[in-house]
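In: Generate coordinates for the sequence data below:
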Amino acid sequence: MDYKGVIIEESLEDKSILKEVKIIKTKIEKVTFNYRTPWLKQWTIHTIEIPEEKIDEICKKIKKAFDSEHNWYIDLKNNKYEITVFHDQIIKKRVYNYFKG
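Out: Next comes the predicted model:
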């Protein structure tokens, strides 16, 4: 099952990683106080999809591509796992469905 998540283009020092993921949707939002990124005027928000067989490779590339001056992250999910990628670590957690009969 493919992983889905949202990545902010402005969070990336190396934007070439965007060529390696499937972009499903893009929207641009003006930065407000609540975004806590006063050095930016806008966020370019990409909803992305990554095939399960490429997830480890792509997560490592995203980790290296992040702007290392700020604390950016991305959450990626499928029906089995949730992965959070930071510029200095990758956390993978198993997702359990307690309500499934």
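In: List the buried residues for stretch 40-49?
Out: The neighbour-count check on stretch 40-49 (16 or more other Cβ atoms under 10 Å) flags 43-44, 46, 48 as buried. For glycine as for every other residue, the C-beta is placed from the backbone atoms N, C-alpha and C.
In: Columns secondary structure on top of the residues you listed, output as a markdown table?
Out: What follows is those, written out as a markdown table (DSSP: H, G, I helix; E, B strand; the rest coil):
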| residue | secondary structure |
| --- | --- |
| Trp43 | strand |
| Thr44 | strand |
| His46 | strand |
| Ile48 | strand |
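In: Which one of the residues you listed is nearest to Leu76?
Out: Using Cβ to Cβ, Ile48 comes nearest to Leu76 of those, at 8.1 Å.
In: mind listing the strands for this protein?
Out: Taking DSSP state E to define them, one finds strands in the chain at 3-8, 22-30, 42-50, 73-77, 81-86, 90-94.
In: tell me the most buried of those strands?
Out: strand 3-8 (a mean of 20; mean count of other Cβ atoms under 10 Å).
In: Any idea what the spatially most central residue of the chain is bridged to?
Out: By Cα atoms, centre = their mean, the chain has its centre lying nearest to Ile74, at 3.0 Å. Here Ile74 sits in beta bridges with Val85, as judged by DSSP bridges.
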